[in-house]
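[1] kindly return the folded structure for what I paste below:
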Amino acid sequence: MRPCLTAFVGLSCALLAACSDGPSEDADRVREGQRVYAKECAACHGARGEGAGPMSLQLDVVPPDLAGLKQRNDGYFPREFVSRFVMGQLAKDDPASPMPDFFAVGLRHVYPNGGADGEVLETDFANLLDYLEAIQW
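    Presented below is the predicted three-dimensional model:
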């Protein structure tokens, strides 16, 4: 009976360890996305995404409240739309909009000396979207 108990305990530990990896990885991605957000977006969109960052006073338009995207979209976070907008893949209503095309300019504040492209930027942008989704109310 003892080997059976040992096998059961071992299997239980393995299953618990497998279950805990997902949320930890999710939290890491959100944390990395928060870092990108703080450096690239918070100046205009506010520390919590509410649209009232310190630079917003110098703009001709009010930056949108990013924390309320889900609420304004019937409880759905428009991840693909936000991704395409941030990456400059959608036509803007106002071509003179102060919103940068991050695909063209990159993450200037995260990587002030350059050096990040391709997969690194894709990961950073995915993490940024994870963070934006996490701050929805």
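
[2] show me the shaky parts of this protein.
    Applying pLDDT under 70 to the chain picks out residues 1-22, 118-119.

[3] try it again with 50
    Scanning the chain with the threshold set as pLDDT under 50 gives 1, 5-17, 20.

[4] in it, mark out all the helices, start to finish.
    Using DSSP state H, the helices of the chain run over 2-40, 42-45, 69-72, 79-86, 102-105, 119-134.

[5] pick the most buried one from those helices.
    helix 42-45 (a mean of 20; mean count of other CB atoms under 10 Å). All C-beta spots, glycine's among them, are computed from the backbone N, C-alpha and C.

[6] relative to residue 38, how far out is residue 71?
    Distance, residue 71 to residue 38, by CB to CB, to the nearest Å: 23 Å.

[7] wait, what's in contact with residue 99?
    When contacts are counted by CB atoms under 8 Å, 6 or more residues apart in numbering, residue 99 touches 63, 85, 92.

[8] at 10 Å instead, please
    When contacts are counted by CB atoms under 10 Å, 6 or more residues apart in numbering, residue 99 is found next to 41, 44-45, 59, 61, 63-64, 85-86, 88, 92.

[9] one more: residue 116?
    Contacts for residue 116 (CB under 10 Å, 6+ apart) come out as 106-107, 110, 123-124.

[10] repeat that for residue 62.
    Counting by CB under 10 Å, 6+ apart, residue 62 has contacts 44, 51-52, 56.
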